[in-house]
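Engineer: Show me the folded form of this:
(one chain, ligands or ions: 2)
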Amino acid sequence: MNNFVFYSPTEFVFGRDTEMQVGALARKQDARKVMIVYGGGSVVRSGLLQRVKTSLQEAGVLYCEMGGVQPNPIDTKVYEGIEFCRREQADLMLAIGGGSVIDTAKAIAAGVPYEGDFWDFYVGKAKVKKALNVAVILTIPAAGSEGSGNSVITKVDTLQKLSLRVPELLRPVFSIMNPELTYTLPPFQTACGIADMMVHIMERYFTNTQQVEISDRLCEATLMAVIKEAYRVKQNPDDYDARANIMWCGTIAHNGTCGVGCEEDWASHFLEHEVSALYNVTHGAGLAVIVPAWMTFMAEHHPKKIAQFAIRVFNVPQSEDLEETALAGVSRLKHFFRYMGLPVNFKELGIVNPDIDRLTDSLHRNKGEFVGNYMKLTKKDSKEIYRLAL
Ligand code: NZQ
Ligand code: ZN
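Structural biologist: Ligands and ions are numbered 1, 2, ... in the order given. Model prediction:
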């Protein structure tokens with residue numbers, strides 16, 4: 001196991017009606033004025049936004065609000081938010097929504113105290129030294145941003161989708177998680193969220209670091225729990241316990257718990273970010289296409305951990321032939337994704353003729369000569385993986 005630092009200061013407040021505690025939690029953070037950030041309107045339609053405002057008012061906390069964050073969030077909304085926040089002099093960002101809203105709130109939180117362009121942080125030109133506190137009310141279990149110190153933003157001019165990682169400053173101070181808020185999710189978004197959290201675990205599980213039994217077993221157990229609860233939620237979207245289990249899985253999938261001490265991979269995410277940047281597809285759906293292709297490639301080139309995944313998570317019988325075992329695991333994973341209503345190739349994702357050269361060029365321009373760690377992918381490898389996803 002490798003050395004690690006694990007710092008996770010987020011206070012998770014989980015369960016029914018917990019959104020009504022937001023006023024008290026904001027006060028506990030000494031917030032004077034909260035800037036509420038939300039998306040395209042699901043929180044307005046569900047009445048959640050109004051309940052949040054009531055709770056803040058009752059606690060005597062001032063607020064201002066900015067809606068309209070789109071899925072695959074963009075830099076222009078961040079600039080707008082930074083201006084607005086400075087004008088309003090808000091001191092706590094409150095994201096109500098999923099990864100797109102939370103990541104926008106984090107970008108604003110880092111951008112407000114910074115004199116330069118917030119995009120400097122995403123391209124590695126500057127380091128975040130100071131940020132406003134971020135808090136979350138989660139409405140979709142998927143990106144894990146409610147527990148992570150990451151933010152992913154797309155620059156519209158260049159179609160670069162880049163991530164920033166600052167756990168010491170951008171992990172939310174509190175995250176409110178009420179599984180009932182997820183009942184209104186369309187089945188496709190539920191499924192995309194499930195794919196995303198599974199892949200967050202897999203990016204950590206597919207490692208060359210040896211003797212990581214605790215991480216391996218946590219990853220396997222969490223994956224098996226997600227799969228089991230996914231079947232239940234598909235049958236009954238209003239099953240509180242299935243929703244609750246999935247919601248917490250989404251958090252521990254990405255807050256570091258499953259991967260500390262391991263060298264993580266992240267190639268599949270980087271391959272996917274190019275796809276959602278260029279074609280604006282839902283991140284989880286993009287992953288359901290890319291990950292089986294990445295695993296198929298690994299079955300041939302580096303099958304060990306893929307075969308272990310197949311045996312332990314998908315009950316594939318053990319065999320001498322690691323490649324065959326690994327491929328059987330890929331096939332079961334695809335079957336599961338299909339059952340959930342997810343695409344497993346570019347065509348099903350709605351991209352009939354993807355521009356593989358452009359995706360590959362952009363990937364290696366953004367991420368360098370080699371991508372990933374389980375196997376360091378060259379441009380030729382990345383192209384092959386995109387082709388396997390056709
Ligand atoms: O915008 P509204 O109207 O709220 O609708 C949203 C949106 O259309 C809808 N939705 C959310 N909660 C709902 C709901 N609809 C009905 N009922 C509810 N309770 O769902 C749609 C998707 O929302 P979004 O926030 O985009 O989803 P997600 O949480 O999957 O976030 C995706 C973004 O996060 C990034 C992805 O790349 C993508 O840009 N990621 C962020 C990470 C991080 N910060 O750590 C890691 C991830 O790997 C990922 O890259
Ligand atoms: Zn993801």
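
Engineer: What is the end-to-end distance of stretch 207-221?
Structural biologist: Start-to-end span of stretch 207-221 (C-alpha to C-alpha, to the nearest Å) is 17 Å.

Engineer: which ones are touching the residue sitting nearest the centre point of the chain?
Structural biologist: The residue lying closest to the centre of the chain (C-alpha atoms, centre = their mean) is residue 143, at 2.1 Å. Counting by C-beta atoms under 8 Å, 6 or more residues apart in numbering, residue 143 touches 98, 99, 100, 102, 103, 152, 193, 196, 250, 254, 283. Yep, even glycine has a C-beta here, placed from its N, CA and C like the rest.

Engineer: Confirm the third one sits in a helix?
Structural biologist: Yes - counting by DSSP: H, G, I helix; E, B strand; the rest coil, residue 100 is found in a helix.

Engineer: what's around it, how many residues?
Structural biologist: 27 (other C-beta atoms under 10 Å).

Engineer: How about it, nearest residue that isn't a chain neighbour?
Structural biologist: residue 73 (4.3 Å; C-beta to C-beta, 6 or more residues apart in numbering).

Engineer: for the second one, same thing?
Structural biologist: Counting by C-beta to C-beta, 6+ apart, residue 99 lies nearest to residue 143, which is 2.6 Å off, once chain neighbours are set aside.

Engineer: same deal with the last one?
Structural biologist: Nearest in space to residue 283, with sequence neighbours left out and distances taken as C-beta to C-beta, 6+ apart, is residue 276 at 5.3 Å.

Engineer: Wait, the one you found touches residue 73, no?
Structural biologist: No - checked against C-beta atoms under 8 Å, the pair residue 276 and residue 73 is beyond contact range at 11.0 Å.

Engineer: quick one: which helix or strand includes the residue located most distally from the centre of the chain?
Structural biologist: The centre of the chain is farthest from one residue, residue 320, which by C-alpha atoms, centre = their mean lies 35.4 Å away. Secondary structure assigned from DSSP states H and E places residue 320 in neither a helix nor a strand.

Engineer: That one and ligand 1: what is the separation?
Structural biologist: 35 Å (C-beta to the nearest ligand atom, to the nearest Å).

Engineer: Number of residues surrounding residue 130?
Structural biologist: Neighbours around residue 130, by other C-beta under 10 Å: 10.

Engineer: Also residue 270?
Structural biologist: Other residues close to residue 270 by other C-beta under 10 Å number 22.

Engineer: next one: residue 361
Structural biologist: Counted with other C-beta under 10 Å, residue 361 comes out at 15.

Engineer: Wait, residue 27 touches residue 60, no?
Structural biologist: Yes - assessed by C-beta under 8 Å, residue 27 is found in contact with residue 60 at 7.4 Å.

Engineer: who in the stretch 201-350 of the chain is up against ligand 1?
Structural biologist: Residues of the stretch 201-350 of the chain found near ligand 1 (C-beta under 6 Å from any ligand atom) are 254, 269, 283, 284.

Engineer: redo that, cut-off 8 Å
Structural biologist: Applying C-beta under 8 Å from any ligand atom, we find that the stretch 201-350 of the chain lies next to ligand 1 at 254, 269, 272, 273, 276, 282, 283, 284.

Engineer: Spit out the contact partners of the fifth one.
Structural biologist: Put plainly, it is residue 276. 72, 154, 161, 282, 283, 286.

Engineer: Over in the stretch 251-390 of the chain, which residue gets nearest ligand 1? Let me know.
Structural biologist: residue 283 (3.8 Å; C-beta to the nearest ligand atom).

Engineer: can you map out the helices along the stretch 201-350 of the chain?
Structural biologist: Using DSSP state H, counting those that start in this stretch, the helices of the stretch 201-350 of the chain run over 213-235, 240-252, 267-279, 283-301, 304-314, 322-339.

Engineer: Dump those helices to TSV, plus mean pLDDT.
Structural biologist: Shown next, in TSV, are the helices of the stretch 201-350 of the chain (pLDDT from 0 to 100):
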stretch	mean pLDDT
helix 213-235	98
helix 240-252	98
helix 267-279	97
helix 283-301	98
helix 304-314	98
helix 322-339	98
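
Engineer: want to throw those into TSV with distance to residue 379?
Structural biologist: Below are the helices of the stretch 201-350 of the chain laid out as TSV (distance: least, C-beta to C-beta, whole Å):
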stretch	distance to residue 379
helix 213-235	29
helix 240-252	33
helix 267-279	12
helix 283-301	14
helix 304-314	22
helix 322-339	23
